[in-house]
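Participant: Structure, please.
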Amino acid sequence: MRHLLFAIAAISGVASTGVQAKGTGTVCPGLVTGAAKKAYAEGTITSCKKEVDHGVTQFEVKLEVKGAKIEIDVTPEGKIVQTEESVEIAAVPAAVMKTFSAKYPKAAPSKANKLTAADNKVSFEVVFQDGKKRHEVTFAEDGTFIEAE
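Facilitator: The predicted structure is shown next:
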């Protein structure tokens, strides 16, 4: 009987600690999925991937919300550290596009994302191709260059 109760408790613990992302074999920890569902209750988790960046572990959770694709970075403790939403290039602030054009005069942006940090600071990621190489460059909302990948 004691083994049966232990087995039931173990199974219940596993079921409550994670959710399988739709159409994937990835199990996202409960605190991570809880944060995603709290932020986007109407969304469907489409993928959840554990990442280690500069020694920091987080989960990249992709959601589909009313037809829009949203990506959030969540700590294992369930804190959302960044939200990334696709935006039309026309929606990127003029200051960002001015700096982008000055820094990359021959580049044509193919995609843009609005990044919102946990402290609500907004930045923009502009994506472009240079031959076969894809580049992502990030700018502060005022056009200040942050980084290139």
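Participant: rest of the way, CA atoms for contacts and neighbours
Facilitator: Noted.
Participant: Output the below-cut-off pLDDT ranges for this structure.
Facilitator: 1-26 (pLDDT under 70).
Participant: Outline the domain layout of it.
Facilitator: 18-79, 88-149 (automatic domain parsing).
Participant: Using TSV, lay out these together with mean neighbour count.
Facilitator: Listed next are those as TSV, based on neighbours: other Cα atoms under 10 Å:
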stretch	mean neighbour count
domain 18-79	17
domain 88-149	15
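Participant: What's opposite C28 in the beta bridge?
Facilitator: V19 (DSSP bridges).
Participant: Where does the nearest residue to K114 once chain neighbours are set aside sit, in terms of helix or strand?
Facilitator: Leaving out its chain neighbours, the residue that sits closest to K114 by Cα to Cα, 6 or more residues apart in numbering is F124, at 4.7 Å. Following DSSP states H and E, one finds F124 within strand 122-130.
Participant: What is that strand packed up against?
Facilitator: Judged by 3 or more Cα pairs under 8 Å, 6 or more residues apart in numbering; DSSP states H and E, the packing partners of strand 122-130 are strand 109-117, strand 133-140.
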